[in-house]
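Colleague: sharing a model prediction with you, sequence too.
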Amino acid sequence: MYEYKVFKCNLGNLTLTEELEDTLNDYAKKGWRISNIISNIKGSGNALFSSVDGNHATIILERMKED
């Protein structure tokens, strides 16, 4: 069985690459891996994944659930 974690990432941030890399490495140390990345496309109409400015991506992580 898997468990999931979802968070948004601001693509408009100039220091995004290093911060995102650090964040993903921190999650990886805890057993998380990327399951999917959903970039926001303006006009997609999807309320769950949309952002006002269109500069966000939703990152979905997964790992084996600890019993």
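Modeller: Received it, and whenever you're ready, just let me know what you need. Because the structure is a prediction, the values reported are computed rather than measured.

Colleague: how much space is there between Lys29 and Asn40?
Modeller: Distance, Lys29 to Asn40, by CB to CB, to the nearest Å: 28 Å. For every residue, glycine as well, the C-beta is placed using N, CA and C.

Colleague: would you map the helices across this protein?
Modeller: Applying DSSP state H to the chain gives helices spanning 16-29.

Colleague: residue ranges with poor pLDDT in it?
Modeller: 13-15, 41-54 (pLDDT under 70).

Colleague: centroid-nearest residue for it?
Modeller: Ile59 (1.8 Å; CA atoms, centre = their mean).

Colleague: partner residues bridging it?
Modeller: Counting by DSSP bridges, Ile59 forms beta bridges with Phe7, Ile37.

Colleague: that one contacts Val6, doesn't it?
Modeller: Yes: judged on CB atoms under 8 Å, Ile59 makes contact with Val6 at a distance of 7.3 Å.

Colleague: tally of neighbours for the spatially closest residue to Ile38 that is not a sequence neighbour?
Modeller: Once flanking residues are discounted, Ile38 sits nearest to Thr58: 4.4 Å by CB to CB, 6 or more residues apart in numbering. Number of residues near Thr58 (other CB atoms under 10 Å) recorded here: 18.

Colleague: I appreciate the help and will end here.
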